[in-house]
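Asks: next input, structure requested:
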Amino acid sequence: MKYLCVSLCFLVLLQFQSVSSQNNADVPPRGWNSYASFSWIISEQEFLDNAVELAKRLLSVGYEYAVVDAFWFRSLDDGSDTIDEWGRPWPDPKRWPSSVNGVGFKAVADQVHRLGLKFGIHIHGGISQRAVARKTRILDSSTGKAYNIGGEEWHADRIQSEPCAYAPTFLKVNTSVEAGQVFFKSLIDLYVSWGVDFVKLDCVFGENINLDTISTVSEILEENDQRQVLLSVSPGVGATEVMARQVSGLVNMYRVTPNNWDQWSIVVERFAIARDFAAAGLIGAAGLKGNSWPDLDILPFGWLTEQDVKQGPHRNCNLSPIEQRTQMTLFAMAKSPIMFGGDLRNVNPELQDLLADGLLLQINQNSSDNTALILPEPNDPTLPTWLASYGNGVFYVAIFNLNDDPRTVKFDIPFLGSHLPAGRSFSTCADGNDYYHPDFELVDNKIEPEIPGHDCSLFVMTSCS
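Replies: This next block holds a predicted model:
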């Protein structure tokens, strides 16, 4: 579906530019993540095929990261973890044949970079049980030799801690001892040498928060001057604003939700979470060498798999096109990072248009004062509203209907304008049209749309003062 620009929306779109950040995550990062379509079993060819499609379809509108998600080091044959002599995860050679002979992900990263993209990997905030069982030595990357104190070498079993809650084959690393910090330094140095631009550090946030590990990895990346590397942390189960304040200055993205799958009930749950983190003033806060963003997780649209299964993409998204548009609109208004999760080799024109929608990406990238509120009529939390400003008297108003049946809402411009910070409030707008429903428009400074179930209205308000 091609959405029609209405009123002065066209002028706003002309100002939209897609550019790679000069610093880490100056704007919410965009890209593709393999998990929702391939679970943990993706192969080198499948990944590179998707990277080619990402560059062809979405790079021009800012989707620049191609990210391999969890367990790229795990064998499909026996489930064992592939590690090097220093206990560091290494790509499974059967799935990633170019990784042999000490190459690692370097060849894959080089191909991704030639496409104009950036390369990302998922890692666990710990050490493999296989390394612990083998008592692998710890590499001191400053010397290129085994780490030792007073002539005594340290091994993996001496830095282990408790298991990761959801990936028990990985054990947390004790970073209170120098050997634990040295292990993470060797790990990050290896991945930077491969050409990694994005690290998704898992098992360290939410109810699994491990501030010591996040701080250690962040400090290593802060001191890294070889390449610009974005740091994302997860999972987001049980994440709170207090936790976010602890990590936002150390990272660039932090998950604030459980895994995002294609169920309407999950879409609904995201609204309250996004509201709370926006209210805490955390959108676009200072982060690692740039900014940081509350992350609502992958967008599970298109051709997908199931969670944690040993099967690639085999089914269509369960959300309707309207429900997908509703979720995409929330991600835009909340300024969440946008990581598409479907198989890019199988994207229909309607989904392509949604992912590349100029107005939504403009809001996601360049809007400010992003605020969630409840309209006084009918004062219903199942009709959440988001407000954002753009400048030059342009404002965006998104009204969502989380119910199954149509609902009518009423609002006037002075009420909306009063929810912006002092100096940016407004009380009147000369024009306002619904981007999705052109029949809905501003009349006498008021709007009264009837919004279908699971749908939303997105008003572009212009000449406001």
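Asks: what count of nearby residues applies to the residue lying closest to Ile447 once chain neighbours are set aside?
Replies: Closest residue in space to Ile447, ignoring its immediate chain neighbours: Phe411 at 5.9 Å, by CB to CB, 6 or more residues apart in numbering. For glycine as for every other residue, the C-beta is placed from the backbone atoms N, C-alpha and C. Neighbour count for Phe411, taken as other CB atoms under 10 Å: 20.
Asks: I'd like the numbering to begin with 40 instead of 1 from here.
Replies: Renumbered: residue one is now 40, and that last one reads Phe450.
Asks: look at Phe450 and give its secondary structure.
Replies: The three-state label given to Phe450 by DSSP: H, G, I helix; E, B strand; the rest coil is strand.
Asks: let me know the pLDDT of it.
Replies: Here the pLDDT value assigned to Phe450 is 83.
Asks: pretty sure it sits against Pro488.
Replies: No - with contact defined as CB atoms under 8 Å, Phe450 does not reach Pro488; the gap is 9.2 Å.
Asks: circling back to that earlier point, the residue nearest to Ile486 and Glu489, how far apart?
Replies: In this view, Phe450 and Glu489 are 13 Å apart by CB to CB, to the nearest Å.
Asks: got it, and Thr208?
Replies: 52 Å.
Asks: which one of those two has more residues nearby?
Replies: Taking neighbours as other CB under 10 Å, Thr208 and Glu489 compare with Thr208 leading, 16 against 13.
Asks: contacting residues for the closest residue to that one other than its chain neighbours?
Replies: In space, and not counting its chain neighbours, Thr208 is closest to Gln168: 5.1 Å by CB to CB, 6+ apart. Going by CB atoms under 8 Å, 6 or more residues apart in numbering, Gln168 touches 120, 202, 207-210.
Asks: can you select the buried ones from the residues you listed in ChimeraX?
Replies: Buried members of the contacts of Gln168, defined by 16 or more other CB atoms under 10 Å, are picked up in ChimeraX with:
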select :120,208,209,210
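Asks: closest one of the contacts of Gln168 to Phe158?
Replies: Nearest to Phe158 among these: Asp120, at 21.0 Å, using CB to CB.
Asks: identify the residues contacting the most centrally placed residue in the chain.
Replies: By CA atoms, centre = their mean, the chain has its centre lying nearest to Pro376, at 4.2 Å. Residues in contact with Pro376 (CB under 8 Å, 6+ apart) are 64, 67-69, 271, 292, 332, 334-335.
Asks: and which of the residues you listed is nearest Tyr230?
Replies: Ser271 (13.6 Å).
Asks: wait, is the closest one part of a strand?
Replies: Yes - the assignment for Ser271 is a strand, going by three-state DSSP.
Asks: check contacts around it.
Replies: By CB under 8 Å, 6+ apart, the neighbours of Ser271 are 237-240, 290-294, 334, 376.
Asks: shouldn't Trp300 be in contact with Leu338?
Replies: No - using CB under 8 Å, Trp300 is not in contact with Leu338, being 10.7 Å away.
Asks: those two: who's more crowded?
Replies: Neighbours per residue, other CB under 10 Å: of Trp300 and Leu338, the larger number sits with Leu338, 26 against 19.
Asks: neighbours around the nearest residue to that one once chain neighbours are set aside, how many?
Replies: Nearest non-adjacent residue to Leu338, counting by CB to CB, 6+ apart: Phe379, 5.3 Å away. By the measure other CB under 10 Å, the count of residues near Phe379 is 27.
Asks: how near is Phe379 to Arg96?
Replies: 9 Å.
Asks: shared neighbours of those two, anything?
Replies: 102, 394.
Asks: show me what the host helix or strand of Ala105 is packed against.
Replies: Assigned by DSSP states H and E, Ala105 belongs to strand 104-107. On a contact count with 3 or more CB pairs under 8 Å, 6 or more residues apart in numbering; DSSP states H and E, strand 104-107 meets strand 69-72, helix 83-96, strand 157-163, strand 237-241.
Asks: tell me the strands beside it, with direction?
Replies: strand 69-72 (parallel), strand 157-163 (parallel) (DSSP bridges).
Asks: beyond that strand, next helix or strand please.
Replies: helix 145-153.
Asks: how far off centre is that next one?
Replies: How far helix 145-153 lies from its chain's middle: 22 Å, per CA atoms, centre = their mean, to the nearest Å.
Asks: again, but for stretch 470-486
Replies: 32 Å.
Asks: tell me which of the helices and strands packed on strand 104-107 lies nearest to Leu383.
Replies: Of all those, the one in closest proximity to Leu383, counting by CB to CB, is helix 83-96 (3.7 Å).
Asks: for the closest one, which positions count as buried?
Replies: Neighbour-count burial for helix 83-96 flags 83, 85-87, 89-94, 96 (criterion: 16+ other CB under 10 Å).
Asks: run through the helices of the protein in chain order.
Replies: 48-53, 74-77, 83-96, 145-153, 168-173, 217-233, 250-262, 280-286, 303-318, 360-372, 388-394, 397-405, 452-456 (DSSP state H).
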